[in-house]
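# with the sequence up front, the predicted model follows.
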Number of protein chains: 2
Amino acid sequence: MSDVERNKQIVLDYYQTAFGGEPEEAVARYVGDRYVQHNPMAADGTEAFIGFVKWLRSENPELRLDIKRVVAEGDIVVTHANLVLKPGEPGQALADFFRVEDGKVIEHWDVIQDIPATSANNNSMF
Amino acid sequence: MSDVERNKQIVLDYYQTAFGGEPEEAVARYVGDRYVQHNPMAADGTEAFIGFVKWLRSENPELRLDIKRVVAEGDIVVTHANLVLKPGEPGQALADFFRVEDGKVIEHWDVIQDIPATSANNNSMF
């Protein structure tokens, strides 16, 4: 498996384990010696991330993360995903960028947009 | 130059030419026989894109697009950028996904978020 394919698998496992309800396990298994956070709502480090995911799941026990595509090059893995907090809602479009170093996730950026109820085209946001 | 490197160059030229003020030129040079649009604010096709960029620039003659990173794999190119409409504003974080086929851009998705004035970390959104 190439480094890029391995990085993709690490990020998918990390993201799905965390949002599947085991953020501590996800961090223990997949995060490196630091976690540089660029999401402006979250403090640096893994503690804020774990707390955020736990809070989000406790408020939204039926949340569903659907990763639509993964694009990776070098040490960066990008995911394009739909996060639906409550069934039936369109939810949010998420673009997440992760940096992977020596098999561990060490940096994270994201861009988040609420999916509007209507669209000027018939292609969906994904 | 590999296909992936060529696709990156095409997308960068397309995006910068368009937002630099020449969206018709950008489309004529870089878009293929279709333009599948996933931005929910825009109709399918290139006409809506050209109209949008012209309107945005006429409203914001000093707008600046700063592409921070590019990640490409297969036929997809992802850009992570800061769009500032008026000098001094934090602007928006943009993640754009482009599909390139035979050297032409044929599909576009994006995720857009206003950058908040304050952040819980010191890393910026980029």
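Noted; the coordinates are in hand. Here the structure is a predicted model, which is why all the values come from computation and not from measurement. Residues are numbered from 1 along each chain as shown, chains lettered A, B, ... in the order given.

# quick one: secondary structure of the residue of chain A found nearest chain B?
Here chain A gets closest to chain B at one residue, A:Ala95, 3.3 Å apart by CB to the nearest CB. Any C-beta I mention is one placed from the backbone N, CA and C, and that applies to glycine too. Per DSSP: H, G, I helix; E, B strand; the rest coil, the local secondary structure of A:Ala95 is strand.

# pull the contacting residues for it.
With contact set as CB atoms under 8 Å, 6 or more residues apart in numbering or on different chains, A:Ala95 has these partners: A:78-80, A:110-111, B:78, B:80, B:95, B:97, B:111.

# now the two most distant members of those.
Greatest spatial distance in the contacts of A:Ala95: A:Asp110 and B:Phe97, 14.1 Å, computed using CB to CB.

# against A:Phe19, how distant is the residue of chain A closest to chain B?
Plainly put, A:Ala95 is 15 Å away from A:Phe19 if you go by CB to CB, to the nearest Å.

# ditto for A:Gly88
19 Å.

# and those two? Which one has more around it.
A:Phe19 (19 against 7; other CB atoms under 10 Å in any protein chain shown).

# which residues touch the more buried one?
By CB under 8 Å, 6+ apart, A:Phe19 lies in contact with A:53, A:57, A:63, A:65, A:83.

# tell me the strands beside the helix or strand that contains A:Val77, with direction?
Taking DSSP states H and E as the definition, A:Val77 sits inside strand A:76-84. Strand A:76-84 sits in its sheet next to strand A:64-73 (antiparallel), strand A:92-101 (antiparallel), going by DSSP bridges.

# buried sites along the first one?
Okay, so that is strand A:64-73. Across strand A:64-73, burial judged by 16 or more other CB atoms under 10 Å in any protein chain shown covers A:65, A:67, A:69-73.

# also the last one?
Within strand A:92-101, the residues scored as buried using 16+ other CB under 10 Å are A:92-100.

# just give me the closest of those to A:Ala42.
So of the buried residues of strand A:92-101, ranked by how close each gets to A:Ala42 (CB to CB), first place is A:Asp96, at 12.3 Å.

# let's verify the residue lying farthest from the centre of chain A: helix, strand, or coil?
Within chain A, A:Ala120 marks the point farthest from the mean C-alpha position, 27.1 Å out by CA atoms, centre = their mean. Classification of A:Ala120 by three-state DSSP places it in coil.

# relative to B:Ser58, how far out is the closest residue in space to it that isn't next to it in sequence?
Excluding the flanking residues, the one nearest A:Ala120 by CB to CB, 6 or more residues apart in numbering or on different chains is B:Ala43, at 4.8 Å. Separation of B:Ala43 from B:Ser58 (CB to CB): 19 Å.
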